[in-house]
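1. Got a sequence here, can you model it:
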Amino acid sequence: MSASYLAAPRITEEEEQAEQASMTEEEKFAALRDLYGVMLPAALGDRWDSRFAHQSDEEEPIEKGLEELEAELNQLIRKSESEENGNRCGLGHLNTACVQEAKRKLPQVINSTEHRLKFLRAESFDVKKAAVMLIKYWEERITIFGEDKAFLPLNLSGALRDDEVGLSMGFITLSPERDSSGRAVLIVDQSKLERKNYTRNMMLRVVWYVVHAALQDEQVQRNGFIMLCTPRNAQFDQFDRKMESKITHSLREVLPVLWKGIHFCHAPGFYELIAPNAKYLLGRRMRARIRWHSGSFRAVLETLAEYGIKPSCIPTEFGGEWNVETGKWLEERRAKGL
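-> Numbers count the residues shown, from 1 in each chain. This is a model prediction of the structure:
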């Protein structure tokens with residue numbers, strides 16, 4: 001296992017320092033604004049400038065965005081068809097056939113305002129980026145769920161009907177409360193993985209399900225996500241580089257998620273072998289939005305609070321107030337047909 005991490009692409013401390021030094025002031029403040037949310041004025045103190053405030057009350061250009069997204073999708077589909085006929089248009093690896101298949105088999109989802117708004121919000125209403133993400137989403141959905149389940153509802157009796165083992169592990173959980181900035185809080189805990197009982201694609205489907213559960217809240221679509229990685233009780237052989245690569249790809253490029261920050265809490269000593277690869281996978285933008293927390297439970301809770309992450313969002317296992325009951329959460333969602 002250690003050899004696989006050492007041989008994998010990674011970012012060195014020197015490269016990361018150079019990357020941070022190359023950031024513009026605007027990029028630095030954007031990262032801080034994402035990390036701290038409403039807590040930013042207190043975090044910056046005398047350096048606070050109202051110009052860096054996030055204009056969350058701005059009206060969303062919904063009608064315009066939806067109209068332009070449809071036009072952009074149609075244009076990409078036409079270009080793809082042109083490439084198939086021998087005319088190279090520079091689309092690269094985009095596979096628009098998956099979108100056309102979704103339009104035939106699940107039009108009530110892919111054509112809905114609700115579905116498309118998630119991608120527009122994830123890309124801050126940049127329609128070109130939103131269109132590319134939407135195409136990648138359907139391509140990846142078919143890949144990980146298979147043709148037989150990709151066009152079923154993403155609920156426990158539909159596309160996730162055979163994934164009970166992975167769902168019940170609690171590898172990734174959604175806090176019942178948003179943080180102080182209205183962001184969803186996802187907890188990832190590798191110690192919950194029972195290697196013999198799951199496949200990589202199963203756990204990827206589980207991640208998709210939990211993310212979609214969070215995206216049912218429009219406030220989360222607008223305010224974004226925070227991830228807490230809590231590997232304190234994990235063993236080294238519970239880390240799977242290939243699975244981490246698949247999950248990170250989905251979270252970065254495929255799922256309509258507006259990422260605001262990733263917090264690593266109580267990382268064990270061996271994590272220094274894993275961290276360079278994990279940071280490489282996260283990419284430049286998210287590397288600027290990583291924070292590390294160590295020390296006692298109380299000390300970590302105090303530093304998380306500086307970012308607006310409340311004890312009620314933290315599992316009791318790590319000193320917080322949230323009693324995680326994955327089985328109960330699944331039962332409640334199943335009863336609602338979710």
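2. give me the low-pLDDT residue ranges for the stretch 201-338 of the chain?
-> For the stretch 201-338 of the chain, applying pLDDT under 70 flags no range at all.
3. Where do the helices of it begin and end?
-> Assigned by DSSP state H, counting those that start in this stretch, the stretch 201-338 of the chain shows helices spanning 218-223, 241-249, 271-287, 297-305, 326-335.
4. nearest to residue 65, of those?
-> Among these, the nearest to residue 65 by C-beta to C-beta is helix 218-223 (12.8 Å). Glycine gets a C-beta too; all of them are placed from N, C-alpha and C.
5. ok, residue 45 to residue 307 distance?
-> 15 Å (C-beta to C-beta, to the nearest Å).
6. again with residue 64
-> Taking C-beta to C-beta, one finds residue 64 at 33 Å from residue 307.
7. hmm, back to that, can you redo the helices of the stretch 201-338 of the chain as JSON lines, where the extra columns are mean neighbour count and distance to residue 151?
-> Listed next are the helices of the stretch 201-338 of the chain as JSON lines, based on neighbours: other C-beta atoms under 10 Å; distance: least, C-beta to C-beta, whole Å:
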{"stretch": "helix 218-223", "mean neighbour count": "17", "distance to residue 151": "23"}
{"stretch": "helix 241-249", "mean neighbour count": "17", "distance to residue 151": "21"}
{"stretch": "helix 271-287", "mean neighbour count": "18", "distance to residue 151": "29"}
{"stretch": "helix 297-305", "mean neighbour count": "16", "distance to residue 151": "40"}
{"stretch": "helix 326-335", "mean neighbour count": "13", "distance to residue 151": "20"}
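8. show me the contacts for residue 72.
-> By C-beta atoms under 8 Å, 6 or more residues apart in numbering, the contact set of residue 72 is 127-128, 130-131.
9. same deal with residue 165?
-> 197-198, 202.
10. quick one on the thing from earlier: most neighbours among the contacts of residue 72, please name it.
-> residue 131 (27 neighbours; other C-beta atoms under 10 Å).
11. how about it, secondary structure?
-> Assigned by DSSP: H, G, I helix; E, B strand; the rest coil, the conformation of residue 131 is helix.
12. nearest residue to it other than its sequence neighbours?
-> Taking C-beta to C-beta, 6 or more residues apart in numbering, and ignoring the residues beside it in sequence, residue 131 has residue 72 as its nearest neighbour in space, at 4.1 Å.
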